[in-house]
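1. Structure, please.
(2 chains, ligands or ions: 1)
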Amino acid sequence: MSTELPKQYQPSEAQSRWLDYWKENGYFDANPNSEKKPHTIMIPLPNVTGALHMGHALNGTLQDLITRWRRMQGYEALWMPGTDHAGIATQAVVERRMFEEEGLTRHDIGREALVERIWDWKDSYEKRILEQLRQLGASCDWRRTRFTLDETCSKAVRRTFFRFFKDGLIFRGKRLVNWDPHLQTAVANDEVFHEEVDGHFWTFTYPVVDEDGELTGDKLAFSTTRPETMIGDSAVCVHPTDERYEHLVGLKCRIPVTGRDIPIIADALLAKKELGTGCVKVTPAHDHNDYACGLRNDLEEINILNPDATINETGGEKYQGMDRYDCRTKIVEDMETLGHYVEVEDRKIELAHSDRSKSPVEPYLSDQWFVKMDDLAGGQPGLAQSAMDAVDDRRVRFFPQRYQRTYLDWLGEKRDWCISRQLWWGHRIPVWTRVDDSTLDGQPIEGKIFGLDNEAIRDAITAKSIFDSESETETWFVCVDDGRPDVEKVLEDHGFVQEEDVLDTWFSSALWPHATLGWPDAENNPPLSDGDAEASEKNEVLDYFYPGNVLITSRDIITLWVARMVLTGLYNMDDIPFGHVHVHPKILDGFGQTMSKSKGNGCDPQDLIDRYGTDAVRFSIASFAGETQDVKLPMGYECPHCQNVVPQALDGKGPMVKPATVKVALRGSSEKVLMPCPKCKKESQFSTPQYDLDPAQPAARMVSERFEYGRNFCNKLWNAARFAIMNLEGYTPGKIEESDLRLEDRWVLSRLSRVTEDVTTLLGRYQFDKATQAIRDFTWNEFCDWYLEMVKPRLKAEGDEKALAQRVLVGVLDGLVRLLQPFTPFICEELWQKLKDIAPERGLFEPRAAAESAMIASWPELPSFAAG
Amino acid sequence: MPRGLSCRASLQDENLEDRFSRLQETVVAVRNIRAVYGIGPNVPVKLFMKCEPGVAEELQVCADQFENLAKTVLEAAGVEIDRPAASASFNLKDADGFVPLEGLVDVSAELERQKKEADKLRGFIKGHSGKLKNEKFVQNAPEKVVAEVRETLAGLEKQLESVEAVIAQLGDG
Ligand SMILES: [Zn+2]
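-> Alright, predicted model coming up:
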């Protein structure tokens, strides 16, 4: 048997060799196993919008580390993989690209064709994302890979919506939303960013009229940044104690450009005496504060915009059809002509923009669907409260604990959840609508529509109606349960039309922890990608793996995702989805900015894997995953001609590709943005998340010094193991007696035992940085620098002395490899297999057959001498 | 994992680890002396340790590792040890170590060399502290440059301190 390792560790060879080996042996698979306790981690599903970046690499490394560790501890460890359809984000990307490349909008090609294109996009990115995860060594059970729009997840979405609807938790309402006129959809508050723009602050007057509609001669002056909203004004508001205006409250004033009269009201929450003239106009349908004021004072809500932000019929002949900004100019002119213009000043305005289209959003009144978050009638805890209780009574615990504040504060607002989106990519809302000009005469809808009181049908639908007294019409909303296309057809045959809107993406990701396990199907295990779901009497997979153990995620989605998973888990499963939530740091660029596609400062983890090796990347990442600090990662691009590293520059300078600069040609053709090297003056293409590089041309890949930490560690470990293995010639297994141990043996065993205990404790608290430090210090400072030096003379000796030294050395190395396996799995497997050749039976202190793979070896538990 | 913890604890030996730290510190100190006096790694050196009897006993147990790791013979250890003439010394928490330099180093030549080195360092220190005393420099030079000068000065002062210690050790021979 050769007792030699190659001089150098070759990460890429080890990676491909062991990935295949692990897969062939099914080591990543997790199945219900009554002999073992389950350990479940659900991946924070990456969006299929684009490839993975450094944040995913960090998130994935930590989940894999915990999964591998728990697997070694004897748990049946499931790491559930999958991706998110990411409604607005993905649709926006595909639409933008389609427009750039073909000049087509979604309206040109229609719903079906657009959705088909997005599926193609999804297929290619999902493949890429899953491959990136595999390259990271992710030990997910790939057979269980889910997608939020797949059949299994769709069933869960349908059933949840149906249950909510039946329980009266879903309602339809007019709400003031952030409207993205470019994408023509509502955007959540969290999908909006504010940016300062140059604007104006105009002051105008409205004339006061008396009860008979005659001008009194009084004028009310007010200021606004959006004069076009005059068309939709419902009142002018003053403070109730403002003596200047007291006598006018209760009268009306006239909007000069439309001639409409509106009331003068007093509202202490909206008007401030000391601010400007103390008088404000109120436009409930186009301003969030005015909307609230409108509700308090029962004001009319007048929507003045079409979905594309042109003025609707409320603008009358003068303004209808104009873009809102053109209308703004026109109204200013008209007010001036009419003698109601006072003055204008320049002003910086914090304007809300849509994250997706980067265009300004408009507060806009529209019909939306909501889930009720508030407590139920009778004070029963509602959805939000139930999720708060789960954290308050510590069924769900945050690590670090400070993040539970974010969760509780947000849920505490109990704001209803707007779940409808005016998109085509997503779960279409399973409600069918029909407007009747008469009521159903009190008949149950089943009887009216289906002509019979069919129990099967009654169970499959739940219906509501709204009577509009003005038009004397009754609007019927019928929600159909999952798996009843027959009922859907009957409804459509009777003139019912399905809602056009789709559900908010978070609606489906909220169900992830139980949907992926096959809920609501209680009879069958969820399907596997290889087609052969084990036959069983009931859904054992759901019973066994739910609830999960820990969710490992970034702080950005504590509210939108974590909170909602807890509340849907409690609602559907009557149990929390996970006991622990670990919130890890964020990765920033070298200047402390978050990495993002739009900044162009992101990094494809594959560049780092190619350069430093997966183990080195994982080890480095684990070393900076602490509890307090975000991680700054200065990056550079290595010139392929002279190996000079060009540092990444601050936003906009140096090699960096912003989406705005990516022209159509760059994506398809071989033409790329080039980076000039300041040293050798040659140019080269360089890594960017914006497009794929031309593989035929040399490219500057990303590098970062911080990953040398992991690479140096791997090299040190490799060299030490190589030395040890070289000295194992003639190894024989045998029992190690306590009395035979030398001082250095006792010392290294004491240290190994202590570091094992420390790492175990630290991983249990998700303190990855400290665990990495502990294991690195032991390996480098104690095992390599001291123990190997001390044991050297005995390895060169003969007879019993050598045999014992070899047995202890093998035992220690074996323990070390197992400790490191969750951190650096590839190099560990490489060493494990080599050790298996040389010392298939080994151990402290009784020799035993070594496990087939380091992955499935047990987590070290060093025995006492007495027990051995 | 209840089985592990209680069992594992018994392999952990704090006292042993403490003893080992002493061994490591001693080896590091001897290696350091070799570096300072230019004694090659294969030239054997002698070591005397002044310490309590219990510590002395523990050091004797490690004697073969002093030999193995630092080519060092532990000549004697105990309370009765006196500082040998012309020896380099080091201090640990619970022991003082001495390495006689006679025969390994030309003591008088080394003393000369170290004195010259000390003078050279004093010259540098004068130059740097002069700069820092110059108000114009401190006020007008970029902050980074001033900080660098301060840092260099601190480094030089530290170097001088060690050289002076060496001179003291060699001089009393
Ligand atoms: Zn170059």
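
2. and the lengthiest strand in chain A, what other elements does it pack with?
-> When chain A is parsed with DSSP state E, its longest strand is strand A:192-209. With contacts taken as 3 or more CB pairs under 8 Å, 6 or more residues apart in numbering or on different chains; DSSP states H and E, strand A:192-209 sits against strand A:215-224, strand A:252-255, strand A:341-354. C-beta here means a position set from N, CA and C on the backbone, and glycine is covered the same way.

3. What is the burial count for whichever residue of chain B sits closest to the ion?
-> The minimum distance from chain B to the ion, using CB to the ion, falls at residue B:144 (28.0 Å). Residue B:144 sits with 7 neighbouring residues when counted by other CB atoms under 10 Å in any protein chain shown.

4. Name the SS class of it, please.
-> Classification of residue B:144 using DSSP: H, G, I helix; E, B strand; the rest coil returns helix.

5. Need the per-residue pLDDT for it.
-> Note for residue B:144: predicted pLDDT of 87.

6. can you pull the contacts of the closest residue to chain B within the stretch 101-250 of chain A?
-> Residue of the stretch 101-250 of chain A nearest chain B, by CB to the nearest CB: residue A:139 (20.3 Å). Residue A:139 makes contacts with A:22, A:27, A:28, A:64, A:67, A:68, A:71, A:77, A:79, A:825, A:855, as judged by CB atoms under 8 Å, 6 or more residues apart in numbering or on different chains.

7. Name the SS class of it, please.
-> Secondary structure, three-state DSSP: residue A:139 is coil.

8. Would you report the backbone torsion angles of it?
-> Phi and psi for residue A:139, reported as degrees, to the nearest 10, are phi -90, psi 50.

9. related to what we said a few turns ago, from the contacts of residue A:139, list just the buried residues.
-> A:22, A:27, A:28, A:64, A:67, A:68, A:71, A:77, A:79, A:825, A:855 (16 or more other CB atoms under 10 Å in any protein chain shown).

10. Could you export these to a markdown table, including columns for secondary structure?
-> A markdown table is the format used below for the buried ones among the contacts of residue A:139 (three-state DSSP):
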| residue | secondary structure |
| --- | --- |
| A:22 | helix |
| A:27 | coil |
| A:28 | coil |
| A:64 | helix |
| A:67 | helix |
| A:68 | helix |
| A:71 | helix |
| A:77 | strand |
| A:79 | strand |
| A:825 | helix |
| A:855 | helix |
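
11. show me where pLDDT drops low in chain B?
-> B:1-9, B:172-173 (pLDDT under 70).

12. residue ranges for the strands of it, please.
-> Counting by DSSP E, the strands of chain B are B:45-51, B:72-78, B:87-91, B:95-100.

13. Please parse the chain into its domains.
-> Going with chain A. Domain assignment of chain A by automatic domain parsing yields the ranges A:185-364, A:431-498, A:635-703, A:708-856.

14. Sorry, I should have been clearer: chain B.
-> Listed by automatic domain parsing, the domain ranges of chain B are B:3-100, B:107-172.

15. Just give me how far the lengthiest helix in chain A sits from the chain centre.
-> Identified as the longest helix of chain A according to DSSP state H is helix A:106-135. Counting by CA atoms, centre = their mean, to the nearest Å, helix A:106-135 is centred 18 Å from the centre of its parent chain.

16. go on, stretch A:79-91?
-> 8 Å.

17. can you pull the buried residues of it?
-> Using 16+ other CB under 10 Å as the test for burial, stretch A:79-91 gives A:79-91.

18. Would you tell me what helix or strand residue A:328 is located in?
-> Using DSSP states H and E, residue A:328 falls within helix A:324-337.

19. Contacts only, for the closest residue to the residue of the stretch 101-250 of chain A closest to chain B other than its chain neighbours.
-> Using CB to CB, 6 or more residues apart in numbering or on different chains and skipping residues adjacent in sequence, the residue nearest residue A:139 is residue A:28, 4.6 Å away. By CB under 8 Å, 6+ apart, the contact set of residue A:28 is A:22, A:79, A:139, A:140, A:141, A:142.

20. one more time with 7 Å
-> Contact analysis of residue A:28 by CB atoms under 7 Å, 6 or more residues apart in numbering or on different chains lists A:22, A:139, A:140, A:141, A:142.
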